[in-house]
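everything below, folded, please.
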Amino acid sequence: MSLLPETTRRIDGLVAHAQAAGRTPSLVLGVVRDGELVHVAAAGEHPRPHRDLQYRLGSITKTMTATLVLAERDAGRLDLDEPLEAHLPGTGVGGPTLRHLLGHAGGLQREPDGDWWERAPGADLATLVAGLDPSKIAYPPLRAYHYSNLAYGLLGGVLERLTGQTWADLLTTRVLAPLGMRRTTYAATEPFARGYVVHPWHETLREEPRTDTGAMAPAGQLWSTVEDLARWAAFLADPDPRVLAPETLTEMCAPVVISDPEAWTGGHGLGIELYRRGERVYVGHGGSMPGYVAALTVHRPSRTAVVGFANAYGFRVGHIGGLSQEALTLVLDTEPAPVPPWRPASTPPPAELAELTGRWWWMGTTLDLSCDRVTGELVAHVRGERESRFVAAGSDRWRGRSGPENGEILTVLRDPAGRPVALDIATFVFTRTPDDEP
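Next up, the predicted model:
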């Protein structure tokens, strides 16, 4: 699906203006629709950006670490409500649960002790753990949102202890290889953009070191390209079940904590940042490492995303996260997703489904029930508005899989002759008459 020429012109203009005003050597943004990278906008010449040029991901790495943790949970090898102590005993900070750490609600201090980990050679896991004690808890768990890079270093340690594999090997085999992200690597691999700090007065460039962050790598080590990050954005919009179950990714995108309690414009799920822009909620993450900033912003309902990189440690004016949200909003406002045409069914539904369809009533409230001929699901609309979908869960039992009744059981009640006379949805009994009489 390509973009209209006017849309690409406006995005190109946003990127050109941001690169010039932000004083960044190079800036690149990619637009993703329906799993495809449909446009790349680039500005700057140090170096000239292209699809296969690596930049540093920074904290976008955390979204992949969280995916690994959730996959281990789905496999039954850990529980998100277990304390950290269950996997890394003796740290002195083992009270917060894995869920707390994933959502930055565990109260751990932001950084590990010692030199600034992003710019210094990293230590191993044993050294990271040895430097912990109860004073590293800045807040009691769930008392407040408190972003913690340290938490993700420890989550990487949990994965290594649990699987016996290094975090990097686990990530490659479980995530990067299945998704074809061949240019997402632990260390910089040519061609890659050198990262800089831009002098505020002289406008000269100072190249930053490219460190191996050791045990803190799960918090921000990775390098990637616009093309590969577009693949990751497509996964967050519509996950490949070989990597993670779609319902688990939906769980990751549910808020654990609101990071902006005054305005409710931001929150954090399980490894995923949440951004409210108008009436839309975007998911993704930002990233920064010395010499680099990155952005990943996804609108899951429309399977549209914007990804971006710059090789400067911040913009003089604005920031890359705001730029990616502005570009994504522009695409969604100017190019709404096409509406698939309605097509009539060639045959009526099976009798056992047809007898359940139609209008049902509870306390004067209507429930209109139809069936989806493609999926075999029951589709319920309350008052003609809210939609819930139900999948078969046994004889005369259906379980909600989406909407207000997600997870609830719909039970078909029958008369002595076997005719359906009522639907019991979580004790709310709908009948065929407005008088609630079966």
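
is residue 6 in contact with residue 334, as I believe?
Yes. The criterion here is CB atoms under 8 Å, and residue 6 meets it with residue 334 at 7.4 Å. All C-beta atoms are positioned from the backbone trio N, CA, C, and that covers glycine.

higher neighbour count, the two?
residue 334 (13 against 10; other CB atoms under 10 Å).

for the nearest residue to residue 161 once chain neighbours are set aside, give me its contacts.
Closest residue to residue 161 apart from its sequence neighbours, by CB to CB, 6 or more residues apart in numbering: residue 87 at 5.7 Å. Shown in contact with residue 87 (CB atoms under 8 Å, 6 or more residues apart in numbering): 78, 98, 157-158, 161-162.

are any of those residues buried, and if so which?
78, 98, 157-158 (16 or more other CB atoms under 10 Å).

list just the nearest of the residues you listed to residue 192.
residue 157 (27.5 Å; CB to CB).

what sits closest to the closest one if chain neighbours are left out?
residue 125 (4.7 Å).

what about that neighbour, how many residues close to it?
Burial measure for residue 125: 21 neighbouring residues, criterion other CB under 10 Å.

a strand runs through residue 285, doesn't it?
Yes. Residue state for residue 285 (DSSP: H, G, I helix; E, B strand; the rest coil) corresponds to a strand.

tell me what the longest helix seen in the chain is packed against?
Using DSSP state H, we find that the single longest helix of the chain is helix 5-22. When contacts are defined as 3 or more CB pairs under 8 Å, 6 or more residues apart in numbering; DSSP states H and E, helix 5-22 packs onto strand 26-33, strand 36-44, helix 320-334.

which residues touch the nearest residue to residue 121 once chain neighbours are set aside?
Closest residue to residue 121 apart from its sequence neighbours, by CB to CB, 6+ apart: residue 211 at 5.8 Å. By CB under 8 Å, 6+ apart, the contact set of residue 211 is 118-122.

and stretch 35-54, how far apart are its ends?
Counting by CA to CA, to the nearest Å, you get 20 Å between the two ends of stretch 35-54.

and that stretch, what's buried?
Here stretch 35-54 shows 35, 37-44, 49, 53-54 as buried, counting by 16+ other CB under 10 Å.

mean confidence score for stretch 174-191?
Stretch 174-191 carries an average pLDDT of 98.

now swap in stretch 233-249 and tell me
97.

re the thing from before, Throw the buried residues of stretch 35-54 into JSON lines and include pLDDT, thanks.
Compiled in JSON lines, the buried residues of stretch 35-54 are given as follows (pLDDT from 0 to 100):
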{"residue": "35", "pLDDT": "94"}
{"residue": "37", "pLDDT": "98"}
{"residue": "38", "pLDDT": "97"}
{"residue": "39", "pLDDT": "97"}
{"residue": "40", "pLDDT": "98"}
{"residue": "41", "pLDDT": "98"}
{"residue": "42", "pLDDT": "98"}
{"residue": "43", "pLDDT": "98"}
{"residue": "44", "pLDDT": "97"}
{"residue": "49", "pLDDT": "97"}
{"residue": "53", "pLDDT": "98"}
{"residue": "54", "pLDDT": "98"}
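
farthest pair within these?
35 and 44 (27.8 Å).

okay, now the unreliable bits of the stretch 101-250 of the chain?
Filtered on pLDDT under 70, the stretch 101-250 of the chain yields the residue ranges 142.

all helices for it, in order.
125-130, 149-163, 167-171, 217-220, 226-237, 246-252 (DSSP state H, counting those that start in this stretch).

so which of those helices is the most packed in?
helix 217-220 (a mean of 26; mean count of other CB atoms under 10 Å).

and residue 423, that's in a helix?
No. Using three-state DSSP, the assignment for residue 423 is strand, not a helix.

so who does the residue nearest to residue 45 when sequence neighbours are not counted touch?
Of all residues not flanking residue 45 in the chain, residue 26 sits nearest, at 7.0 Å (CB to CB, 6+ apart). With contact set as CB under 8 Å, 6+ apart, residue 26 has these partners: 19, 42-49, 193, 310-311.

and residue 91, how many neighbours?
Count around residue 91 with other CB under 10 Å applied: 20.

which ones are touching it?
Residue 91 neighbours (CB under 8 Å, 6+ apart): 84-85, 129, 132, 154.

returning to that earlier point: so how far is residue 32 from the residue nearest to residue 157?
35 Å (CB to CB, to the nearest Å).

once you drop chain neighbours, what's closest to residue 62?
residue 152 (5.1 Å).

next: residue 57.
The shortest distance from residue 57 to any non-neighbouring residue, by CB to CB, 6+ apart, is to residue 222 (4.3 Å).

so what does the one you found have for phi and psi?
Backbone torsions of residue 222, given as degrees, to the nearest 10, read phi -70, psi 160.

report the contact partners of it.
56-57, 60-61, 64, 184-186.

next step: these restricted to strands.
residue 56 (DSSP state E).

I'd like to know which of the contacts of residue 222 is nearest to residue 11.
residue 60 (20.4 Å).

looking at it, that closest one is touching residue 294, isn't it?
Yes. With contacts counted by CB under 8 Å, residue 60 reaches residue 294, the gap being 5.6 Å.

shaky segments in the stretch 301-438 of the chain?
Looking at the stretch 301-438 of the chain by pLDDT under 70, you get 436-438.

what about the strands in it?
Shown for the stretch 301-438 of the chain, the strands assigned by DSSP state E, counting those that start in this stretch span residues 304-310, 358-362, 365-371, 378-382, 386-392, 397-402, 409-414, 420-425, 428-431.

what about residue 424, how many residues nearby?
15.

for it, name its beta-bridge partners.
residue 411, residue 429 (DSSP bridges).
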